[in-house]
Structure formats: structure tokens, C-alpha cells
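> What shape does this take:
(chains A and B)
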Amino acid sequence: AQSVTQPDIHITVSEGASLELRCNYSYGATPYLFWYVQSPGQGLQLLLKYFSGDTLVQGIKGFEAEFKRSQSSFNLRKPSVHWSDAAEYFCAVGRDGGYQKVTFGTGTKLQVIP
Amino acid sequence: NAGVTQTPKFQVLKTGQSMTLQCAQDMNHNSMYWYRQDPGMGLRLIYYSASEGTTDKGEVPNGYNVSRLNKREFSLRLESAAPSQTSVYFCASSTNRGTDTQYFGPGTRLTVL
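All right, here's what the predicted structure looks like:
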């Protein structure tokens, strides 16, 4: 069975500081990995995804993530956080199977202080 | 192009009442999903539909039923609401490929008293 762990429930960073959100996954084969963002009162929106090729993937809003197979990790990073980045971030692992079976992590809530 | 739409946005029910949450997508996606989101638990899959005419149980199906009315529409029904079903409900759609993006609706915030 596939699973995702986001060890940080809540993170606070200062505006302009760098950010790293952690994600560890468990899956037997090569995983499909996603980061979604949820702004308050909204649905989820895809930030970026990885399924093959270059292990460093670029996403929208200046985010990037690195797939490390040896560590079963897919951490999300941003060099300089903006106040508008305050949101909840979900890591997810997916696979084929007749439909798109996706398992979401429990989320990390990001607070940005001026 | 509206993407995924959900109605209603908010709903308050009394225990034992029934209701149907509506979802529609205009992206010609085969697969549609219903999730519930509870604090500290992420998103959990209630039911999914891999194609028109098929539906299957997800992780937490008890107390819910679904109907895939056509390729565009996928409804979620609570026959006899319970306080444990107080949650935010999201509908999503995608192609059937594991690598593809899921597109989410804005959610329905349901409170059962």
C-alpha cells in the first residue's frame, strides 16, 4: 500500500526567508509524486509533480521539489517566501490502476510573518 | 471553462436528515472523486468513479452513496446524516493516468448537528 508522511503539522517562517517542507513516501515501485497547495477556503491546486526524469522539478509560484529515492523523500522548497504563500501544503503519491489512485499526506500549514 | 463546480458551498443538517452534494466538471475527464477533509487527517477518498457508469468505494465509504449521472456529473448522497459526517467535502476530476493532475472543486462545508 502507498502512504505519505508529512512530519510537520505547522511551520512559521519570516517573509523573505527560505522554506523547506518535508515529505516522505512509501511505495514499492517508482512513485508519482505531487505537491498541492490549498489557500484558505479554497480547493487544492497543483504546485508541481514528478514521475520520471530530472529529480529536481520546478513548479508554479517559484516552488521546486527534489525527489530522492534513497531517502524516499520529495521535499518542497522555495528560496524566498512571500506573505501570499501562507496556505496548507499537501504531498501526495499516486499510481495507475484503472483510475488515478492518489494518497494524500495530512498537510503542513504554513504561516508567514512580516 | 468553469473546471469543477460544487453545490452547495455551505450546508447545515440535523442528525438523520438527508442531502445530496452535486459536482460537475467540464474538462471531459473520465475519473471523478469525492474526498472529505478533516483537521489533521488530510484528504480521505470516499468514493470514486473511473468512468461513466462505474463507481467504487474508497477509504471511508460508510454512510455515503454516489451516482455518476453522466460523464460530467458525480453526486454524493448522505441518506441519514450523523455528526461524524461534519466535514469539508471536495469533488475532483482527472484522466485515468496516474501521472495526471487532479482538479478540485471549491468544496462544501457541511455541519451536522
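> Was I right to think residue B:95 contacts residue B:29?
Yes - counting by Cβ atoms under 8 Å, residue B:95 touches residue B:29, with 5.9 Å between them. In short, each C-beta sits where N, CA and C put it, glycine included.
> Please report how far the residue nearest the centre of chain B lies from chain A.
What sits nearest the mean C-alpha location of chain B, by Cα atoms, centre = their mean, is residue B:34, with 2.7 Å. In this structure, residue B:34 and chain A are separated by 13 Å, where distance is defined by Cβ to the nearest Cβ, to the nearest Å.
> would you say that residue is within a helix?
No - per DSSP: H, G, I helix; E, B strand; the rest coil, residue B:34 lies outside any helix segment and is strand.
> if I pick it, what's in contact with it?
Applying Cβ atoms under 8 Å, 6 or more residues apart in numbering or on different chains, we find residue B:34 in contact with B:21, B:23, B:45-48, B:58, B:64, B:66, B:74, B:76, B:89-91.
> swap the cut-off to 10 Å and go again
For residue B:34, the residues meeting the contact criterion (Cβ atoms under 10 Å, 6 or more residues apart in numbering or on different chains) are B:6, B:21, B:23, B:44-49, B:55, B:58, B:60-61, B:64, B:66, B:74-76, B:89-92, B:105.
> So, low pLDDT: which residues of chain B?
Under the criterion of pLDDT under 70, the regions of chain B flagged as low confidence span B:1.
> So which of the contacts of residue B:34 are in strands?
B:6, B:21, B:23, B:44-49, B:64, B:66, B:74-76, B:89-92 (DSSP state E).
> Skipping its backbone neighbours, what lies nearest the residue minimising distance to the centre of chain A in space?
Note on chain A: the residue nearest the mean C-alpha position is residue A:35, at 3.3 Å, using Cα atoms, centre = their mean. Beyond its immediate neighbours in the sequence, the residue positioned closest to residue A:35 (Cβ to Cβ, 6 or more residues apart in numbering or on different chains) is residue A:47, lying 4.4 Å away.
> Buried residues in stretch B:43-52, which are they?
B:43, B:44, B:45, B:46, B:47, B:48, B:49, B:50 (16 or more other Cβ atoms under 10 Å in any protein chain shown).
> Alpha carbons only: can I get it in CSV?
Written as CSV, here are the backbone C-alpha positions of stretch B:43-52 (Å, rounded to 0.1, in the frame of the first residue of the first chain):
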residue,chain,number,x,y,z
LEU,B,43,-8.0,14.2,2.4
ARG,B,44,-9.6,10.8,2.5
LEU,B,45,-11.3,9.2,-0.5
ILE,B,46,-14.9,8.4,0.0
TYR,B,47,-15.9,7.1,-3.5
TYR,B,48,-14.6,7.3,-7.0
SER,B,49,-15.8,6.7,-10.5
ALA,B,50,-13.2,5.7,-13.1
SER,B,51,-15.7,6.1,-16.0
GLU,B,52,-19.3,6.9,-16.7
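> That one near chain A at all?
Yes - counting by Cβ under 10 Å from any Cβ of the partner chain, chain A has neighbours in stretch B:43-52: B:43, B:44, B:45, B:48, B:49, B:50, B:51.
> Please report the distance of residue B:59 from chain A.
Residue B:59 sits at a distance of 9 Å from chain A (criterion: Cβ to the nearest Cβ).
> Likewise for residue B:57?
On the measure of Cβ to the nearest Cβ, residue B:57 and chain A end up 12 Å apart.
> Tell me what that residue is bridged to.
Taking DSSP bridges as the rule, residue B:57 bridges to residue B:47.
> Fine by me, we can end here.
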